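Peer 1: Build me a model:
(2 chains)
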Amino acid sequence: NAGVTQTPKFQVLKTGQSMTLQCAQDMNHEYMSWYRQDPGMGLRLIHYSVGAGITDQGEVPNGYNVSRSTTEDFPLRLLSAAPSQTSVYFCASSYSPGQSSYNSPLHFGNGTRLTVT
Amino acid sequence: GDSVTQMEGPVTLSEEAFLTINCTYTATGYPSLFWYVQYPGEGLQLLLKATKADDKGSNKGFEATYRKETTSFHLEKGSVQVSDSAVYFCALIVLGSARQLTFGSGTQLTVLP
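Peer 2: Alright, predicted model coming up:
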């Protein structure tokens, strides 16, 4: 029972490099999202998707791109890494058949720890 | 906007001690409230939730009551164990908020044997 799988677990980038953080879920969840976790700041939403082909910005979208070509996958792209993007990144998904499920619990992956030097 | 304020940590307790982690919130609408737990090296897991005033969420010996009059959702456990050592996050979501959970900053709990 895989749930939400994130790869890689750790990554070190140099300033200006680009990379993609992978996220896949096998629960047929419509809703997927990316959060970043920084000390003392809780989790902040970067981007989210309510279904294949639909994405939208969260609280801190600058410097990141997403796409959702399938229900299962929701990759996060860093276009030109900056030291301010050093963080732990979490992908999360939830069941979302409609408005009545807006408060369905999120299922989180184990995170990707990214360091930008 | 919406916000969640948690008591600052870290919190260190001896095994079998009573735990309270305070959480208060402000919300633009009627929120659902959650406690998530993050064990070392893992992602967050839902611990409990409450969706309307006076509801009590409970799981694994933890409890929290949705208090609308004090806008609070304090987490309690009567007797903590070493295995409860983790970071605890209070969170809320409001209908119409594009499904964006608003998290508190987290409280690190360490339980000593």
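Peer 1: Can you give me the neighbour number for the residue in chain A that chain B sits nearest to?
Peer 2: For chain A, the residue closest to chain B is residue A:108, as judged by C-beta to the nearest C-beta, at 3.2 Å. All C-beta spots, glycine's among them, are computed from the backbone N, C-alpha and C. Residues contacting residue A:108 under the criterion other C-beta atoms under 10 Å in any protein chain shown number 23.
Peer 1: so the residue sitting nearest the centre point of chain A, which of the three states?
Peer 2: With distances taken as C-alpha atoms, centre = their mean, residue A:34 lies nearest the centre of chain A, 2.4 Å away. On the three-state scheme (DSSP: H, G, I helix; E, B strand; the rest coil), residue A:34 is labelled strand.
Peer 1: May I have the beta-bridge partners of it?
Peer 2: Residues in a beta bridge with residue A:34, per DSSP bridges, are residue A:47, residue A:91.
Peer 1: re earlier: which residue is the nearest non-sequential neighbour of the residue of chain A closest to chain B?
Peer 2: Spatial nearest neighbour of residue A:108, chain neighbours left out: residue B:43 (3.2 Å); criterion: C-beta to C-beta, 6 or more residues apart in numbering or on different chains.
Peer 1: Relative to residue B:66, how far out is the one you found?
Peer 2: 25 Å (C-beta to C-beta, to the nearest Å).
Peer 1: dump the residue contacts of residue A:84.
Peer 2: A:63, A:116 (C-beta atoms under 8 Å, 6 or more residues apart in numbering or on different chains).
Peer 1: sec struct for it, please.
Peer 2: Bear in mind the rule, three-state DSSP; under it residue A:84 is helix.
Peer 1: any low-confidence regions in the chain?
Peer 2: Here I'm looking at chain A. For chain A, the stretches with pLDDT under 70 are A:1, A:97-103.
Peer 1: Switch to chain B, please.
Peer 2: When residues are selected by pLDDT under 70, those of chain B lie in B:96-99.
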